[in-house]
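Trainee: need coordinates for the below:
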Amino acid sequence: MTVQPKMLCEMEVGDRAFVYALLNEKNLRRRLQDLGMIEDTAIECIGQSPGGGLRAYLIRGAVIAVRDEDARQVLITPQAREE
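Mentor: Numbers count the residues shown, from 1 in each chain. The predicted structure is shown next:
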């Protein structure tokens, strides 16, 4: 069974996934890569702002916040939840 990539902004708090691809423009792409968002890297959504529009992700041991508008340009492959 093949898993279809989703957008990073579709993750809910507690979801885990792997970075599939960055579709961002040059400058933002480089910034996200500098923060550790590289293809095949594990990522976990650990929080969301009360008003929405901003989520916190745990990636490579660091917490980074990404606006939903930027997260739409990051594709992920979901990881199955542990039972």
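Trainee: where do the strands of this structure begin and end?
Mentor: Using DSSP state E, the strands assigned to the chain run over residues 6-7, 16-22, 42-48, 54-59, 62-67, 74-78.
Trainee: send the alpha carbons of the second one over as CSV?
Mentor: Taking Å, rounded to 0.1, in the frame of the first residue of the first chain, the C-alpha atoms of strand 16-22 are listed here in CSV:
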residue,chain,number,x,y,z
ARG,A,16,4.5,11.9,13.2
ALA,A,17,5.7,11.9,9.7
PHE,A,18,8.7,12.1,7.4
VAL,A,19,9.7,15.0,5.2
TYR,A,20,9.0,14.0,1.6
ALA,A,21,9.8,17.1,-0.4
LEU,A,22,10.2,20.9,-0.1
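Trainee: ok, residues contacting it?
Mentor: Here strand 16-22 makes contact (Cβ atoms under 8 Å, 6 or more residues apart in numbering) with 5-6, 8, 11, 29, 32-33, 37-45, 73-79, 81. From N, CA and C alone the C-beta is placed, and that goes for glycine too.
Trainee: so how far is that strand off the chain centroid?
Mentor: How far strand 16-22 lies from its chain's middle: 6 Å, per Cα atoms, centre = their mean, to the nearest Å.
Trainee: which residue packs closest to residue 62, ignoring adjacent ones?
Mentor: residue 36 (6.4 Å; Cβ to Cβ, 6 or more residues apart in numbering).
Trainee: return the set of buried residues in stretch 16-29.
Mentor: Within stretch 16-29, the residues scored as buried using 16 or more other Cβ atoms under 10 Å are 16, 17, 19, 20, 22, 24.
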